[in-house]
Every structure is written in structure tokens, then in C-alpha cells.
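> Next comes the sequence, and after it the predicted model I'd like to discuss.
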Amino acid sequence: MPILPPRWRLPYVALLTVIALLLSVSALQHYDGTRPWEPFLWEFSSVAVIGTLALGVHALVGRLQGLAWPRQLFAHALGLPAFSVLHIAGMCGLRLAVYTLAGSGYDPDDVGTLLVFEGGKDAVSYISFCLISRGVWMARAAAARAQELERARRDLAEVRLARLADQVQPHFLFNTLNLISSVMYEDVPRADRLLCQLADLLRQTLAAQQRVEHTVREELALVEPFLALMQARFGPQRLVVQIAADEAARECRLPALLLLAPVENAVKHDVARHLGRVTVVVAATREGDRLRLRVSNHGDAPVPESPPDPDGGLGLRNLRERLDARYGDAARVAFGPDDGGMTLTVELPCAC
């Protein structure tokens, strides 16, 4: 990491210039010589050298981080006199060069006077720079730790999402194979068609899993053939499918295979349990920057024994965990009875 990031170089030079100008104007007010540019030369030369040395002090403080305090104090005991000597030498060298170019003589104070007069101010400057640099390095370290923590959190969330997504296909596959097995001895050609449709659907779900997330349009492209497969299994007189999604909602992105398990649960837990016709509705609407998804099922006949799992089973638990890992509190899930059936409602941010 550079001592002074590029974006801070111009502001740093501007700050030094402003300080030098203010000091020069103050010195000019007390100047009684015949060359009014001299106060500007004195202050600008001093500020320029100190500004450069301050970067060296900042680098030194950074290198000393993590060392024992005695070693740091020893380094600063050597750094302070070096700072003062370099300041005096650099400042006098710049002044001598300008005076020579101007054709004027330069008669600085003797070395002892310079060391005493400038040394006290240099000690205050050096200690101030050390304290400021210490705070800057600590802030940088804290920011780096925060970035590393955020990176680790994102990596963990991605691993968690991948693990949760991996649960979708086996869950869906096992239940679908169970449904197909119930007709394979009654109607072999029909079972064969169902298996071919299932193979095509599995190829699509494998491709979807590799992308982690996709659009609602692509998600519905998986849900629709699944429901068509289930209609072939139960018959259109038992299962009625309604899919409604506005164009704005279709462009929103969501975790891949998010709806497949809830839709599969609606078929398994309701169509298979009802004696009459069941209507499964999958709807998607966009409201501002929010995406609203709804999966509901309603049967014409009363619900027979054993009501469905109020928590929605594994599929809904998986959905809740995936949304929590991906969106946190920005996503909401509601599941419960609705007009003789069950409705799952999901709200999450719409990212296109």
C-alpha cells in the first residue's frame, strides 16, 4: 500500500501550499527588509521539506507497527534528530539555491543557533506526525480487517447458498420419481414419457444451479415444464395450473431454483391429498424496487385427514435459509392457510 494514495496527493500538496501561504503572510507582516519575497521563500522552503519528511515519518511509524515498545522508542530516538537535521539541511539548501538564482547572498544563522531554534519546533512536529500517523495506520488496519471480514462473510454466504441449492435437486428428484413409480406398472408408455420429460427438466435444473441466480423469466421456464409434468401425472382434470407474471417482474433476478421446491410441495402435499380438482397459482409482480412472488393452491373438495406441515416442510425451510443467507432482513416470507388452501408469499429486492 503506498504511503500516500494517488487520490490524496493533490489534496496533500494543496494543504501544504495553504499552510505555507498563511505562514508567509504572517511573516510578511513583521518583515522590515527590502525583498518582500523573502518571507515566502523562508516559509515555503520550510513547509516543503517538512511536508516531505512527514511522509517519511508516516512510513517509519507503519514499519514499526507490531514491534515491542522499547524498539519503537529506540527507533524514534534516532528518527527525531535525523528529522531535524534533514529539515535544516533541506530548508537551507533550497534557500541557498533560490538566493543564488536571484543573485543575492544568503547568510544563515550558525549551525548551533539553527539546531536550537529549529530543533524545538522539529521535536513538536515530529511527535505530532507520529501520533497522527499512528492513528492513520490504525484506521487503515481496521478498514482492512473490516474488508477481510466482509469478504469472509460473502464467501461463507456463497458456500451456504451453494449447499442449500444442492438440496433442491435431490429433494425434487426423489419426490418426482416416487410420483412416476406409481404409474409405471399401470401405463408403461405414459411412465416412459414422464421419465423423458423429467430428464429434460433435470438437464435444465443442472444448468440453472451453475448460475447461482437468474431472472424470474428463467425460473418460470423451469416451473412451467415441471407443472406440465405433474399435469401429465395427475391429469388436467385434477391439476389446474395458472402462471401470471408481469414483464417488469420477469426481469428481476432471484436465486436459481427458488420456486421449484415450493411448487413441488404444493403439488405433493395438496394435489396428491385432495380427491377433487386443485388449482396451483404461481404469480410474480413488481412493486417499485420489490419483487413479490406467490405460490398458492386451492382445492374444490374439503381437505382430507392430516393437514399439511404448517412450516411448509423441507422445501420451505430451504427457501427461508437461502433468502436469509442472500438478502437477510430485506426478504420476507409468509406461509399459511388462504381461502381453503395454502399460500406462500415471498418479497425480496428486485435486482435486474
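Noted; the coordinates are in hand.
> Show me where the protein has its strands.
213-215, 239-245, 253-255, 278-287, 290-299, 332-338, 341-349 (DSSP state E).
> Give me the average confidence score over stretch 263-273.
The average pLDDT for stretch 263-273 rounds to 74.
> Over to stretch 206-223?
83.
> Can you name the residues in contact with stretch 43-58?
Defining contact as CB atoms under 8 Å, 6 or more residues apart in numbering, one finds that stretch 43-58 is touched by 3-4, 12, 16, 19-20, 23-24, 27, 79, 83, 86-87, 90-91, 94-95, 98, 125-126, 129-130, 133, 136-137. (Glycine included, C-beta is placed from N, CA and C.)
> Flag every buried residue along that stretch.
Residues of stretch 43-58 classed as buried by neighbour count (16 or more other CB atoms under 10 Å): 43-51, 53-54, 57-58.
> what's near enough to touch the nearest residue to Cys130 once chain neighbours are set aside?
Closest residue to Cys130 apart from its sequence neighbours, by CB to CB, 6 or more residues apart in numbering: Val61 at 5.8 Å. Contact partners of Val61, counting by CB under 8 Å, 6+ apart, are Cys130, Ser133, Arg134, Trp137.
> Just the buried subset of those residues, please.
Cys130, Ser133, Trp137.
> Could you tell me which residues make contact with the last one?
For Trp137, the contacting residues are His58, Val61, Gly62, Gln65, by CB under 8 Å, 6+ apart.
> Of those residues, which belong to helices?
His58, Val61, Gly62 (DSSP state H).
> Show me which of those residues is closest to Phe234.
Gly62 (70.2 Å; CB to CB).
> Of the buried residues of stretch 43-58, which belong to helices?
Those of the buried residues of stretch 43-58 lying in helices (DSSP H): 43-51, 53-54, 57-58.
> right, and out of the residues you listed, which lies closest to Ala191?
His58 (75.6 Å).
> Tell me how far that closest one lies from Trp8.
11 Å (CB to CB, to the nearest Å).
> same deal with Asn178?
For Asn178 relative to Trp8 (CB to CB), the value is 65 Å.
> same question, Glu186
In terms of CB to CB, Glu186 sits 77 Å off from Trp8.
> What of Thr100?
For Thr100, the distance to Trp8 - CB to CB - is 34 Å.
> Give me the below-cutoff pLDDT ranges for this protein.
Applying pLDDT under 70 to the chain flags residues 1-2, 154, 156-173, 175-176, 179, 209, 269, 272-273, 301-315.
> where along it do the helices fall?
Counting by DSSP H, the helices of the chain are 6-29, 38-64, 69-101, 111-181, 188-209, 216-234, 247-250, 260-266, 313-327.
> Nearest to Glu287 among the ones you listed would be which one?
Taking CB to CB, helix 247-250 is the member of those nearest to Glu287, at 9.0 Å.
> May I see the buried residues of the closest one?
Quick answer for helix 247-250 (16+ other CB under 10 Å): Ala248, Ala249.
> Which strands or helices does that helix pack on?
Counting contacts by 3 or more CB pairs under 8 Å, 6 or more residues apart in numbering; DSSP states H and E, helix 247-250 packs against helix 216-234, strand 278-287.
> Could you name the stretch from the ones you listed that's closest to Ala142?
Of the helices and strands packed on helix 247-250, nearest to Ala142 by CB to CB is strand 278-287, at 39.2 Å.
> got the angle between the closest one and helix 216-234?
Relative orientation of strand 278-287 and helix 216-234, computed by axes from the mean of the first three to the mean of the last three CA atoms, to 10 degrees: 180 degrees.
> circling back: is it possible to get CSV of the buried residues of stretch 43-58 that adds distance to Leu115?
Converted to CSV, the buried residues of stretch 43-58 look like this (distance: CB to CB, whole Å):
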residue, distance to Leu115
Glu43, 20
Phe44, 22
Ser45, 17
Ser46, 15
Val47, 19
Ala48, 20
Val49, 15
Ile50, 16
Gly51, 21
Leu53, 16
Ala54, 20
Val57, 19
His58, 24
